[in-house]
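Undergrad: next comes the sequence, and after it the predicted model I'd like to discuss.
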Amino acid sequence: MKSIRIFLVPAMLIVGVNAIGQDTKTAATATTSQAPAAQPAPNLASAIDRDISSIEKQVLDAAEAMPEDKFNFSPESLKIAGSNYQGVRTFAGQVKHIAASNYLIWSGLTGEKLPANLKDGNGPEDVKTKAEILAFLKDSFVLGHRAAATLTTENMLRTPGRGKSTRLHLATFGVAHAFDHYGQMVEYLRMNGIVPPASRPKSE
């Protein structure tokens, strides 16, 4: 009887050790499978693309926040004493100008033709409703993302076409220009009692 007990104890120890080993392997496999995929290293194109995405969101959110019946608002209509808003762009004009400029600036990087109805930086005359203006704006940023994708460290200082501006300057100027007019859109929203989406509490 004693010999049987002596035999069983080592056998049980071996089984226990094997079970622990299996659990360890299973846990290691699970940890490996749950590990996030390695993110691609950032490069020039992706860095500029992030900047374009940032201003794209802020401009689109601000444009969507303005009610359609206020889209043609201009501070000139407020007749503020001591101010001089005569002839400034309406809210719709600001949005169309951003979109039109996006096309004029970024098409130089992609080599694409401008929309047939785009005459100048004021945008197409036949784009009038809020829905039409937002669609025009969104399409202009789609072009911006394609433009960013063309940038490399090898070509960033080259000048496309006959212009004097480098490819890098055109890409970043599009972002800077949009931020400039976004600031004016923010003021127009506040003049109408609307808090810009980017300034609202996160819970909203």
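TA: Looks like it came in fine.
Undergrad: mind jotting down where the helices sit in the chain?
TA: 2-34, 44-65, 91-110, 130-149, 167-191 (DSSP state H).
Undergrad: for the residue nearest to R158 when sequence neighbours are not counted, give its distance to L189.
TA: Leaving aside its chain neighbours, R158 sits nearest to R167 (5.7 Å; criterion: CB to CB, 6 or more residues apart in numbering). Every residue, glycine included, has its C-beta placed from N, CA and C. With distances taken as CB to CB, to the nearest Å, R167 is found 34 Å from L189.
Undergrad: ok, E64 next?
TA: 11 Å.
Undergrad: more neighbours: which of the two?
TA: Between E64 and L189, counted using other CB atoms under 10 Å, L189 has the larger neighbour count: 21 against 12.
Undergrad: pLDDT value on the most centrally placed residue in the chain, please?
TA: Centroid-nearest residue in the chain: S53, 1.3 Å away (criterion: CA atoms, centre = their mean). Per-residue confidence for S53 comes out at a pLDDT of 98.
Undergrad: again, but for P42
TA: 83.
Undergrad: what about it, how many neighbours?
TA: So P42, with other CB under 10 Å, has 10 neighbours.
Undergrad: same thing with G82?
TA: 4.
Undergrad: tell me the contacts of it?
TA: Counting by CB atoms under 8 Å, 6 or more residues apart in numbering, G82 touches no other residue.
Undergrad: separation between it and S46?
TA: 47 Å.
Undergrad: quick check on T150: phi, psi?
TA: With angles defined as degrees, to the nearest 10, T150 sits at phi -80, psi -10.
Undergrad: so who does it touch?
TA: So T150 contacts 45, 109-110, 167 (CB under 8 Å, 6+ apart).
Undergrad: can you put those in TSV and add pLDDT?
TA: Below are these laid out as TSV (pLDDT from 0 to 100):
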residue	pLDDT
A45	96
L109	96
T110	96
R167	96
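Undergrad: out of those, who's the most crowded?
TA: L109 (23 neighbours).
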